[in-house]
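1. can't give you the sequence, but here's the structure:
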């Protein structure tokens, strides 16, 4: 929940939500955290109706560095902070599962 986040974590959550709104008119699109992390890593530039410019990517990285983690959306809880090592592990697992997600489509 946003009220449990530090100011630095809130800043990252708010910016991620703004990008979701810009791309899809949704406060937190499904898999937002994964798609934006792909942008941070340079694996994607397009997200919905928006382009993740170098400036947006750098801002995401700076906000991530400021809070030493990443924000995820947990059902029933909302926006939740994960330390960077836990986030990178979750992202790695998501990437490995991604091909099977597409085949379920």
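-> It's in. Just so you know, these numbers come straight off a predicted model, no measurement behind them.
2. what's the longest helix in the chain?
-> helix 84-104 (DSSP state H).
3. Which secondary structure elements does the least confident helix or strand in the chain by mean pLDDT sit against?
-> Within the chain, no helix or strand scores below helix 84-104, which has a mean of 81 by mean pLDDT, DSSP states H and E. Packing contacts for helix 84-104, counted by 3 or more CB pairs under 8 Å, 6 or more residues apart in numbering; DSSP states H and E, involve helix 32-40, strand 69-74. All C-beta spots, glycine's among them, are computed from the backbone N, C-alpha and C.
4. Could you rerun that using 10 Å?
-> helix 32-40, helix 54-67, strand 69-74, strand 78-83 (3 or more CB pairs under 10 Å, 6 or more residues apart in numbering; DSSP states H and E).
5. tell me the angle of that helix relative to strand 69-74?
-> Angle, helix 84-104 to strand 69-74, by axes from the mean of the first three to the mean of the last three CA atoms, to 10 degrees: 40 degrees.
6. Next, the angle from helix 84-104 to strand 78-83.
-> Using the same axes, to 10 degrees: helix 84-104 against strand 78-83 is 120 degrees.
7. Residue numbering should commence at 32 henceforth.
-> Yes, from this point I'll number from 32; that puts the last item at helix 115-135.
8. Identify the residues contacting helix 115-135?
-> If you take CB atoms under 10 Å, 6 or more residues apart in numbering as the criterion, helix 115-135 is touched by 62, 64-65, 68-69, 72, 74, 95-96, 98-103, 112-114.
9. same for the helix or strand hosting residue 45, what does it pack against?
-> Per DSSP states H and E: residue 45 is located in helix 38-55. The contact analysis (3+ CB pairs under 10 Å, 6+ apart) places helix 38-55 against helix 63-71, strand 77-78, strand 81-82, helix 85-98, strand 100-105, strand 109-114.
10. Let me have these in JSON lines, adding mean neighbour count and distance to residue 36 as columns.
-> Listed next are the helices and strands packed on helix 38-55 as JSON lines, based on neighbours: other CB atoms under 10 Å; distance: least, CB to CB, whole Å:
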{"stretch": "helix 63-71", "mean neighbour count": "21", "distance to residue 36": "14"}
{"stretch": "strand 77-78", "mean neighbour count": "16", "distance to residue 36": "23"}
{"stretch": "strand 81-82", "mean neighbour count": "14", "distance to residue 36": "24"}
{"stretch": "helix 85-98", "mean neighbour count": "15", "distance to residue 36": "8"}
{"stretch": "strand 100-105", "mean neighbour count": "21", "distance to residue 36": "8"}
{"stretch": "strand 109-114", "mean neighbour count": "18", "distance to residue 36": "6"}
